[in-house]
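[1] Take a look and give me a structure for this.
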Amino acid sequence: MLQVKTLSKSFGERKAVDGVSFALEKGQTLGLIGPNGAGKSTTVGMVCGLIQPDAGEVLLNGIRMEAGASAAKQTLGLVPQDLALFDELSARENLRIFGALYGLHGALLKERCAAALELVSLSDRAGDKTSTFSGGMKRRLNIAAAMLHQPALLILDEPTVGVDPQSRNAIFDCLEALQKQGHSLIYTSHYMEEVERLADHIVVIDHGKVIADATPASLYQQLPAKAALQVELAQPLAAALHSQLRAVPGVREVHGEGVNVRIALEATAHAKPVLDWLAQHGVSPLHFATARANLEEIFLTLTGRSLRDGT
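    Numbering: from 1, shown residues only. Here you go, the predicted model:
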């Protein structure tokens, strides 16, 4: 359905995207993951035909996506990171404007607006001004606007930025409903747990380059550890202890140089011996927690930093 081939884009001397390639099949959800500034939004802009690449191409159903590719653009919807709504208009009025831009009118426009509001669970607030909505409700209305023309491919750029957990779950419910209807999705985020919940395929991007491209199951097979110990210290771990900790039995890797340290373990059973080792070396964590290793460990292993670091 979608083929992205060696896309590159520079802004001045900064290379935002450097040879990014991936593919999306019909009905599939692709998670595009990376820290802030990794090049995700620029990649999305090129996929949508909003940004002209310096090199490479995007093919949507065999049609090259570029500034004048109106036929291809009719088959996709974009939910931008920045909200695109009129605050002084009601939810229904916002959708009517966007629907008119898509060429909808009359009974069909009314029907599509009602269906979109139902999809995002905002039917009961259809007549209310958008200015009265929470951030999460505005995000959901943004999704509704992008679905009015019933696109085969929906692209969502960081759709949960600044929303509370309840609103985040409502957004996920909406997207999972779209998946069941057979829509293809591209979901960008710097939260690996969000992408794990939705994606059939994951592309990890950092500094404008693809550093991993696989199914979640395949990425899990690459995990260097099966568990993790997260500790918060009163003061940063000394460099010498940092190195020695890596040699403790059961420890696969140590991430973090400040007071927050994440220790990748071969198994959860190694957590207590590691805590005992820290105590023997005069290190008493303020807080600690164990967890099953997740796909963020892949990013930590590949780059040596967290998805939240953004540098």
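[2] Count the residues that sit near Lys9.
    Number of residues near Lys9 (other CB atoms under 10 Å) recorded here: 22. (Each C-beta comes from the backbone N, C-alpha and C, glycine too.)
[3] likewise the one 3 residues further on?
    Burial of Gly12 is recorded as 6 neighbouring residues (other CB under 10 Å).
[4] Any figure for the gap between it and Ile51?
    Gly12 sits 15 Å away from Ile51, taking CB to CB, to the nearest Å as the criterion.
[5] which residues does Lys15 form a beta bridge with?
    Lys15 has these beta-bridge partners by DSSP bridges: Ser10.
[6] Now the terminal residues of stretch 86-97, how far apart.
    Across stretch 86-97, the terminal residues are separated by 10 Å (CA to CA, to the nearest Å).
[7] Which residues does it contact?
    Stretch 86-97 is contacted by residues 85, 109, 112-113, 116-117, 122, 125-131, 133, 141, 144-145, 148 when judged by CB atoms under 8 Å, 6 or more residues apart in numbering.
[8] Narrow the residues you listed to those in helices?
    Using DSSP state H, the subset of these located in helices is 109, 112-113, 116-117, 141, 144-145.
[9] For those residues, work out which two are farthest apart.
    Spatially, the most separated pair among the ones in helices among the contacts of stretch 86-97 is Leu109 and Leu141, at 16.2 Å (CB to CB).
[10] Would you mind telling me which of the two has more residues around it?
    Taking other CB under 10 Å, Leu109 and Leu141 do not tie; Leu141 has more neighbours (26 against 18).
[11] Ramachandran angles for the residue lying closest to the more buried one once chain neighbours are set aside?
    Computed as CB to CB, 6 or more residues apart in numbering, the closest residue to Leu141 that is not its neighbour in sequence is Ala91, at 5.5 Å. Dihedral pair for Ala91: phi -60, psi -40, per degrees, to the nearest 10.
[12] what separates Ala91 from Pro80, distance-wise?
    As judged by CB to CB, Ala91 and Pro80 stand 18 Å apart.
[13] what about the two, which has more around it?
    The residue with more neighbours, out of Ala91 and Pro80, is Ala91; 29 against 18, by other CB under 10 Å.
[14] Pull up the gap between that one and Glu118, please.
    Ala91 is 12 Å from Glu118, by CB to CB.
[15] Now the common contact residues for these two.
    In contact with both Ala91 and Glu118: no residue, using CB under 8 Å, 6+ apart.
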